[in-house]
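[1] structure of the sequence below:
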Amino acid sequence: MAIKSVKRTGKSLRTMQRILDSAAEEFAAYGMSGSRVERIADNADAKKPRIYDYFGGKEGLFQAVMKRELGNTCTAVPFDASHLPEYAGRLFDYASEHPILMRLIMWNAMEPGRSPMQENGGFERHVEAIREMQDKGEISRANPAEFILTLIVSLASAWSAANPIGASVLGKLSEKKDALRDSIINTVRMVCEGKK
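    Presented below is the predicted three-dimensional model:
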């Protein structure tokens, strides 16, 4: 369903923001299949037709939520291929503090028939930046750039809402968060500084 062209007034922008906020909570809690447009509209204090006017339906709304949340992540945690260990530490902090994003990513992966996220946070550019650093000899070539980025994202999110195993093994994150961040940073540093 194509998104209709809607005049963007201050009121409509505020309504869209409330819908996005409500949808983020709903999708994080129930995934695409379990989410209800009526509940999203009610919690946003908006009329259900506005969701179709602004986003074209539930799928368009989900993609808009993912785009916003991933964009917020990229703004809050800018990628820097020349400082990957520190980037991993900052990403760990962000993932720990933003469980909604991690749950959205988890649901996106679990939903049957879902295609990969349309907005992937610029991962292709990240991989290319890591390759460039490898070509300069600044990062070890022992592992492919794709592996290094996947390792960083996986480590940074392993103790978040998207991975219940990490939390069950670790116990209370707040008591071990600093030591865990240090371990993540040191692991990424070892990978980056391995045999070049």
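[2] could you dump stretch 77-96 to CSV, C-alpha only?
    Only the C-alpha atoms of stretch 77-96 are listed here, as CSV (Å, rounded to 0.1, in the frame of the first residue of the first chain):
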residue,chain,number,x,y,z
VAL,A,77,27.0,6.1,18.6
PRO,A,78,28.9,7.3,15.5
PHE,A,79,30.9,4.6,13.8
ASP,A,80,34.7,5.1,13.8
ALA,A,81,36.7,2.4,12.1
SER,A,82,39.9,3.8,13.5
HIS,A,83,38.7,3.3,17.1
LEU,A,84,36.7,0.0,16.9
PRO,A,85,37.4,-1.0,20.6
GLU,A,86,35.9,2.2,21.9
TYR,A,87,33.1,2.0,19.4
ALA,A,88,32.2,-1.4,20.7
GLY,A,89,32.2,-0.1,24.3
ARG,A,90,29.9,2.8,23.4
LEU,A,91,27.6,0.5,21.4
PHE,A,92,27.4,-1.9,24.4
ASP,A,93,26.3,1.0,26.6
TYR,A,94,23.7,2.1,24.1
ALA,A,95,22.3,-1.4,23.6
SER,A,96,22.1,-1.8,27.4
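[3] so how far is Ile152 from the closest residue to Cys192 other than its chain neighbours?
    Nearest non-adjacent residue to Cys192, counting by C-beta to C-beta, 6 or more residues apart in numbering: Ile139, 4.9 Å away. Where C-beta positions appear, they are placed from N, C-alpha and C, glycine not excepted. To Ile152, Ile139 is 12 Å away according to C-beta to C-beta, to the nearest Å.
[4] again with Arg50
    Arg50 is 39 Å from Ile152, by C-beta to C-beta.
[5] of these two, give the one with the bigger neighbour count.
    The neighbour count for Arg50 versus Ile152, taken as other C-beta atoms under 10 Å, is higher for Ile152 (25 against 17).
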